[in-house]
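J.: just to be clear, the model below is a prediction. Sequence and coordinates:
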Amino acid sequence: MAFKIGLLGLGTVGTGTVQILLNPAQRHPLVQELELYRVGVRSLAKPRSVALPPSLITTDLDAIVTDPEVDIVVEVIGGLEPARSLILKAIAHGKHVVTANKAAIARYGAEIFTAAEAAGVYVLLEAAVGGGIPVIEPLKQSLCANRILTVTGIINGTTNYILTRMQTEGGDFADILADAQRLGYAEADPTADVDGMDAADKIAILASLAFGGRIKLPEVHCEGIRQVSAADIAYADKLGFVIKLLAVAKRESQLPTESTEQLQLRVHPTLVPKSHPLASVNDVNNAILIEGDPIGQVMFFGPGAGAGPTASAIMADILNIAAILKVQQSGTVRSHGTPVLDPLLACSHQSYCTIVPIEALVTRFYARFLTRDSPGVIGKLGTCFGNHDVSLESIVQTGLRDNLAEIVVVTHHVREGNFRTALDEIRAMEAVSSIASTLRVL
Ligand SMILES: NC(=O)C1=CN([C@@H]2O[C@H](COP(=O)(O)OP(=O)(O)OC[C@H]3O[C@@H](n4cnc5c(N)ncnc54)[C@H](OP(=O)(O)O)[C@@H]3O)[C@@H](O)[C@H]2O)C=CC1
Ligand SMILES: N[C@@H](CC=O)C(=O)O
Ligand code: NA
């Protein structure tokens, strides 16, 4: 008997998923036991790049998630509503759910997973982070014996694509973003990509899995790439760095004996040393570097967006569920009432993680100043930083821009609050025209 799939959405990811479902040859034999039963869309009139019988397609998505015949609902419509309500309704009707929707999971994960636990169904989301890269399942299963210390990732394909092209060809931001949209990488509203919110959603999901607690999304510090200029990219290059939008989740207390469990959780453009493994992750590729005890460092790398890669992750989740259903059907697993869920696949956190405020963060910074070209300015900047306990690794005048001296500073590890206070004082100095940019350094 085939497992029936109710697919919500036939856009980039939905189409990629249908292409796999309709072409099972040379894939896992279980793919042949899946039946594309209904497909929900917004517009029946829209031309589709996959040929499906019109009777399969409907605009009544409610009817799909409540249909007693459907075993697995695949939600790839995106956005918050009606995605959230449809997922909850599917769960209430005993359906397992597969979703790529990091925005909905990062905001409503607590509600969704609590409902799934009560109903005894799985909600799987491999496609939601890192597109085609297997990272959710490895975190839940292959790495589950580790104490995770840090998760550092390039987890937005659109911004990595934009930064890579700005770096290599110095192209125009708007043109490159339009290319990312055309290639199906960007969200329906690309603001979420460009301003870091998409990466914030994803790091919240990864942190929850890595550190075993729920995350309040507004506590994730989030900066996007709009302020990254061609000048910063050029200076970073001269100093031996590339600029990447990094998402970081880090346990503050590295010792298991320390009682307070606090996390750093942040997304921001970062100067990454060219020798670092994340520096060479280019274009739409994503990479997630995980440090755990006892494994050490392990990096997951691959295509972070696009139809085929994301559909690969969706299909992995569908097949995981189908495999469990098959075992249950064969009678080797008996369940009474609500089925018992596989604890490594399900998600049952109850408590919230504590996030450290960004002012308390200790990190390195790069800053670029435009000042009057007069004697003593570098000294004044250095003294001000020193007064606030901000130790400098380098301070150089790089040249003149618009008749102003351009001074670039790289700090040692400093407390963010101290650095910001020093900047406030520097901004008020008569000789300082502007602080053109500040970026963190890995
Ligand atoms: N694109 C990518 O590379 C990746 C996307 N994701 C996630 O996957 C999800 C889907 O993304 P993507 O495929 O790019 O999105 P698209 O915009 O390409 O497709 C969305 C699909 O959902 C349908 N849809 C949207 N809203 C409704 C609604 N209210 N009622 C009925 N149907 C609706 C649309 O119908 P119609 O076709 O009729 O307009 C369309 O078929 C998102 O959550 C996204 O974040 C995750 C990883 C990578
Ligand atoms: N818009 C996202 C798509 C995948 O999650 C991205 O660019 O990474
Ligand atoms: Na993934």
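T.: Great, that's in hand. Ligands and ions are numbered 1, 2, ... in the order given.
J.: for Pro138, see how far away the residue of the stretch 51-200 of the chain found nearest ligand 3 is.
T.: Proximity of the stretch 51-200 of the chain to ligand 3 (C-beta to the ion) peaks at Gly130, 3.9 Å away. The way it works is simple: take the backbone N, C-alpha and C, and place the C-beta from them, glycine included. The gap separating Gly130 from Pro138 is 10 Å, by C-beta to C-beta, to the nearest Å.
J.: per-residue confidence for Asp232?
T.: Looking at Asp232, its pLDDT reads 93.
J.: ends of stretch 142-160, how far apart?
T.: 27 Å (C-alpha to C-alpha, to the nearest Å).
J.: picking up where we left off before, for the residue of the stretch 51-200 of the chain closest to ligand 3, what are its contacts?
T.: Listed by C-beta atoms under 8 Å, 6 or more residues apart in numbering, the contact partners of Gly130 are 136, 153, 155, 202, 286, 288, 300, 302, 304, 313.
J.: among those, which pair sits farthest apart?
T.: Taking C-beta to C-beta, the two most distant members of these are Gly153 and Ala313; they sit 15.3 Å apart.
J.: before we move on, the earlier item: and the residue of the stretch 51-200 of the chain closest to ligand 3, how close does it get to Ala51?
T.: Here the distance between Gly130 and Ala51 works out to 30 Å (C-beta to C-beta).
J.: over to Pro303?
T.: Pro303 is 26 Å from Ala51, by C-beta to C-beta.
J.: more neighbours: those two, which one.
T.: Taking neighbours as other C-beta atoms under 10 Å, Pro303 and Ala51 compare with Pro303 leading, 19 against 7.
J.: quick one: what helix or strand has the closest residue to the more buried one other than its chain neighbours in it?
T.: Take Pro303 and drop its neighbours on the chain: the residue closest to it by C-beta to C-beta, 6 or more residues apart in numbering is Pro309, 3.9 Å away. Here Pro309, judged by DSSP states H and E, is contained in helix 307-330.
J.: which stretches of the stretch 51-200 of the chain form strands?
T.: Remark: strands assigned in the stretch 51-200 of the chain by DSSP state E, counting those that start in this stretch are 57-58, 72-75, 96-99, 123-124, 147-154.
J.: would you reformat the ones you listed as JSON lines and include mean neighbour count, mean pLDDT and distance to ligand 2?
T.: What follows is those, written out as JSON lines (neighbours: other C-beta atoms under 10 Å; pLDDT from 0 to 100; distance: least, C-beta to the nearest ligand atom, whole Å):
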{"stretch": "strand 57-58", "mean neighbour count": "16", "mean pLDDT": "98", "distance to ligand 2": "24"}
{"stretch": "strand 72-75", "mean neighbour count": "29", "mean pLDDT": "98", "distance to ligand 2": "14"}
{"stretch": "strand 96-99", "mean neighbour count": "28", "mean pLDDT": "98", "distance to ligand 2": "12"}
{"stretch": "strand 123-124", "mean neighbour count": "26", "mean pLDDT": "98", "distance to ligand 2": "16"}
{"stretch": "strand 147-154", "mean neighbour count": "22", "mean pLDDT": "98", "distance to ligand 2": "9"}
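J.: can you tell me which of those is nearest to Leu36?
T.: Taking the strands of the stretch 51-200 of the chain one by one with C-beta to C-beta, strand 72-75 is closest: 9.5 Å.
J.: pairing partners for that closest one, with directions?
T.: strand 3-8 (parallel), strand 96-99 (parallel) (DSSP bridges).
J.: so what's the residue count around the residue in the chain that ligand 1 sits nearest to?
T.: Nearest to ligand 1 in the chain, going by C-beta to the nearest ligand atom, is Gly11, at a distance of 1.8 Å. Neighbours of Gly11 under the rule other C-beta under 10 Å: 17.
J.: quick check: closest non-adjacent residue to it.
T.: Per C-beta to C-beta, 6+ apart, closest to Gly11 is Val76, 7.0 Å.
J.: how much space between the one you found and Thr383?
T.: For Val76, the distance to Thr383 equals 56 Å [C-beta to C-beta].
J.: with just CA atoms, put stretch 191-211 into PDB.
T.: This file holds the C-alpha atoms of stretch 191-211, laid out as PDB (Å, rounded to 0.1, in the frame of the first residue of the first chain):
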ATOM      1  CA  THR A 191      14.200  41.300   2.900                       C
ATOM      2  CA  ALA A 192      14.400  38.300   5.200                       C
ATOM      3  CA  ASP A 193      17.500  37.100   3.400                       C
ATOM      4  CA  VAL A 194      19.300  40.500   3.100                       C
ATOM      5  CA  ASP A 195      18.600  41.700   6.600                       C
ATOM      6  CA  GLY A 196      19.600  38.500   8.300                       C
ATOM      7  CA  MET A 197      16.200  37.300   9.500                       C
ATOM      8  CA  ASP A 198      16.300  34.100   7.500                       C
ATOM      9  CA  ALA A 199      19.700  33.200   9.000                       C
ATOM     10  CA  ALA A 200      18.300  34.200  12.500                       C
ATOM     11  CA  ASP A 201      15.400  31.800  12.000                       C
ATOM     12  CA  LYS A 202      17.800  29.000  11.000                       C
ATOM     13  CA  ILE A 203      20.400  29.500  13.800                       C
ATOM     14  CA  ALA A 204      17.500  29.600  16.300                       C
ATOM     15  CA  ILE A 205      16.400  26.100  15.000                       C
ATOM     16  CA  LEU A 206      20.000  24.800  15.000                       C
ATOM     17  CA  ALA A 207      20.700  26.100  18.500                       C
ATOM     18  CA  SER A 208      17.500  24.600  19.900                       C
ATOM     19  CA  LEU A 209      18.600  21.200  18.600                       C
ATOM     20  CA  ALA A 210      22.300  21.600  19.500                       C
ATOM     21  CA  PHE A 211      21.700  22.900  23.000                       C
END
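J.: tell me who's in contact with the residue in the stretch 251-400 of the chain positioned nearest to ligand 3.
T.: Going by C-beta to the ion, ligand 3 is nearest to Ala313 of the stretch 251-400 of the chain, at 4.5 Å. Contacts for Ala313 were tallied using C-beta under 8 Å, 6+ apart; they are 100, 126-127, 130-134.
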